[in-house]
Structure formats: structure tokens, C-alpha cells
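>>> here are the coordinates; sequence isn't available:
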């Protein structure tokens, strides 16, 4: 049977399936008979054709196709994920208000990759559902927005310090996690402090405009570091620039 779904579609199905709680990551890897390293490499890629040679792509596609042929639908939302009672130990952040929140101009001092790591860790917490998380993200806007699971999947599928910076997920999730940090009395990490030093003069990470382009002379190299700064080096020029 020909494989009719791209690598990105299969990745989104995997994330949706695991986020439902029907299986844990290790159980899913065992179910499709792949190693943890192979799984991590495939899930860390981005693009419709990135990972086509991966055993995870083949095995996961077969796994979901068999379920489909048997008439098994993707897991439905539980009562908790629909907003009902939950055993989540994550505190409410409704009492926390950040500076410039009402104007939706809270300065951002995390990269998109930082937020993706926080999202992945948060969704693994007991009692936390994808639906409740999306509700919390949308609540950080004024007025509140309805954030779709497709927006979350699209943001999580990207890779890079600025990949997805204009997504509704980036700003909303950053504000939510910042409130959660304050609520839980957690200190800022070293990288967070360095991000404030580097991007503070520019008002934080830009989330209104997509990444800009840079021109460099032939023979120069253009790279981006973990802080979102662009490094240009070559025989006749060099520099470090914030992503603005």
C-alpha cells in the first residue's frame, strides 16, 4: 500500500496520539519496534520529506493505518481535557498580571526552541491535558483567543530559535510559563538572564514580524546561535546581530 502522508503529518499524528495519554512515549516506541534514538531523530526533524528514510516514519505510518483500517479513531478528549475535574497539580495563574500584558506587549526573553522544550515538559505533567494547556495559552491574550490544536502541532514541528516567532503559541505560551514561574517562586535561569542582557535593549524577542534576511559577501558564513543572534563572518566582514 502506498504511503500517502508526509513525514510532518505522521509526526503530528504521533504527538496528538501521545498527548491524549493513550500511550507513553516508551510504550509507543515498543509498539512500533523502534529505538529511542531513531524516534528522537525523526521527531526532531521538520519538513514533509525530512525523515522519509527513517524506520520510525514507516512503522508509525503502518501503526496508524492499521488502526484506521480497523475503524479505531484517534483518542477522544476525556472529561478533564474538556475542562472538567482534573488531578493536575499545576497552580492557577489567574492572579498573576504581568507588565504590558493588557497591551499584549510583554517582552519575550525565550527563543522558540526554549518554549517548545517547556511545552513538551509541561504536557507530560500529571493531569495536564492538551485542551487545558491551549485554553491557558489563549487566556493570555486580551480578549482571550481560542487556540487550535493544529496551531500547537505546527509550532512544535518547527526547529530553530526564531522558527515560529509569529505563532499565537509563542507569545501566549511564553506569558503563561512566565506567570507559572512567578507563581511557583522559581528563579530565572542563567540563559534567561543572558537573554535579557542581549535582547532587553531591543524590547525582547520580536513576535510580530517574521525573521528578517541578512545579506553577506561571497565566502562569508551566516549562523544563528542559541540566543537567536546572527553571526556573520568572512574574509572581509564580521559581526553579531540580534534578530530584529
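Sure thing, it's come through. Keep in mind that what you see is a predicted model, and the values were worked out from it rather than measured.
>>> burial count for the residue lying closest to residue 233 once chain neighbours are set aside?
Nearest non-adjacent residue to residue 233, counting by C-beta to C-beta, 6 or more residues apart in numbering: residue 221, 5.5 Å away. Using the backbone N, CA and C atoms, a C-beta is placed for each residue, glycine as well. Neighbour count of residue 221, defined by other C-beta atoms under 10 Å: 10.
>>> separation between residue 97 and residue 182?
Distance of residue 97 to residue 182, computed by C-beta to C-beta, to the nearest Å: 10 Å.
>>> need the contact list for residue 8.
Going by C-beta atoms under 8 Å, 6 or more residues apart in numbering, residue 8 touches 46, 47, 48, 50, 157.
>>> of these, just the buried ones, ChimeraX syntax please.
ChimeraX command restricting the contacts of residue 8 to the buried ones, with burial defined by 16 or more other C-beta atoms under 10 Å:
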select :46,50,157
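>>> which one of the contacts of residue 8 is nearest residue 113?
residue 46 (11.5 Å; C-beta to C-beta).
>>> helix, strand or coil for that closest one?
Judged by DSSP: H, G, I helix; E, B strand; the rest coil, the three-state class of residue 46 is coil.
>>> that one is in contact with residue 156, isn't it?
No: Residue 46 is beyond contact range of residue 156, at 9.7 Å (criterion: C-beta atoms under 8 Å).
>>> helix, strand, or coil at residue 121?
The three-state label given to residue 121 by three-state DSSP is helix.
>>> cool, residue 223 as well?
Following three-state DSSP, the label given to residue 223 is strand.
>>> which strand residues bridge it?
Listed beta-bridge partners, residue 223: residue 231 (assigned using DSSP bridges).
>>> what separates it from residue 111, distance-wise?
15 Å.
>>> between those two, who's got more neighbours?
Between residue 223 and residue 111, counted using other C-beta under 10 Å, the more crowded position is residue 111 (27 against 9).
>>> that one against residue 206, yeah?
No: taking C-beta under 8 Å as the definition, residue 111 is not a contact partner of residue 206, at 11.6 Å.
>>> residue 97 and residue 182: which has the busier surroundings?
Comparing residue 97 with residue 182 by other C-beta under 10 Å, the one with more neighbours is residue 182, at 13 against 9.
>>> that one touches residue 96, doesn't it?
Yes: here residue 182 reaches residue 96: they are 5.5 Å apart, a contact under C-beta under 8 Å.
>>> now the strands for the chain?
With strands called from DSSP state E, the chain shows them at 221-224, 230-233, 238-241.
>>> any idea how this protein splits into domains?
7-69, 79-209 (automatic domain parsing).
>>> how about these in TSV, adding mean pLDDT and distance to residue 227?
Output for these, formatted as TSV (pLDDT from 0 to 100; distance: least, C-beta to C-beta, whole Å):
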stretch	mean pLDDT	distance to residue 227
domain 7-69	87	20
domain 79-209	87	5
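>>> which of the ones you listed sits closest to residue 230?
Checked against C-beta to C-beta, the stretch from these lying closest is domain 79-209, at 9.5 Å.
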